[in-house]
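K.L.:
got a sequence here, can you model it:
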Amino acid sequence: MIGKLTGIILEKNPPEILLEVGGIGYEILCPMSSFYAMSDEKQLSLYTHLSIKEDAHDLYGFVSKDEKTLFRELIRVNGIGPKVALAILSHLDIVSLMNAVANEDDVLLAKTPGIGKKTAQKLIVELKDRLEKLELSNQNHQNIKTNPNTNSNTKQASAALQALGFKAKESERMLAVINDKTLSTEDIIRLALKNK
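P.N.:
Okay, the predicted model is just below:
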């Protein structure tokens, strides 16, 4: 397994770079966040993950060890392959992804190309507990901000309002004025309809 490579960048063609290490050129697929971190450097170190399939051996590279760790968590989710995981990390940085999972923000996750609403919900279910326990090397990446207004009854009420024909933004506006966290889903829906 190739865990880390340090070399000279010969070519950049997002999402791929050609990195020369000891006279050998490695084609490495990287998320866009790694491309932004590279800037105009010629010398580069990347943490890598080697994916072996019947028809391909692909090498994925990350500027930070935390990105690689998160990538490996993503590909453990059933139905998420390395290319989709790369797209997720290109769309969301580490903190945004962890916050989206912690706050069950399937709408933000579903904005990633190749991810639909069902896949986003699946990601949340499978990753929520694992990401809370995940040890990351950069302490800034550990700062997950959960939305205090989020509780399961409010989420269910929002889904019910959308099923009744209200748009997502409209239902959020109706629910925003309800601060009582002890209410049942039915009571929240009743109050929200009064706030219409």
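
K.L.:
packing partners for the longest helix along the chain?
P.N.:
Longest helix in the chain, counting residues (DSSP state H): helix 117-133. Here helix 117-133 touches helix 65-75, helix 94-102, helix 106-110, going by 3 or more CB pairs under 8 Å, 6 or more residues apart in numbering; DSSP states H and E. Using the backbone N, CA and C atoms, a C-beta is placed for each residue, glycine as well.

K.L.:
would you list these in TSV and tack on mean pLDDT?
P.N.:
Shown next, in TSV, are those (pLDDT from 0 to 100):
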stretch	mean pLDDT
helix 65-75	94
helix 94-102	88
helix 106-110	88
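
K.L.:
let's have these in TSV, adding distance to Q121 and mean neighbour count.
P.N.:
As requested, the helices and strands packed on helix 117-133 are exported to TSV (distance: least, CB to CB, whole Å; neighbours: other CB atoms under 10 Å):
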stretch	distance to Q121	mean neighbour count
helix 65-75	15	20
helix 94-102	11	20
helix 106-110	5	18
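
K.L.:
switch those over to a markdown table; also include distance to D40.
P.N.:
A markdown table is the format used below for those (distance: least, CB to CB, whole Å):
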| stretch | distance to D40 |
| --- | --- |
| helix 65-75 | 20 |
| helix 94-102 | 23 |
| helix 106-110 | 31 |
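
K.L.:
nearest to S51 among those would be which one?
P.N.:
When the helices and strands packed on helix 117-133 are compared by CB to CB, helix 65-75 sits nearest S51, at 7.9 Å.

K.L.:
show me what the closest one is in contact with.
P.N.:
31, 33-34, 47-49, 51, 60, 62, 80-82, 84-86, 88-89, 94, 97-98, 123, 127, 130-131, 134, 136-138, 141 (CB atoms under 8 Å, 6 or more residues apart in numbering).
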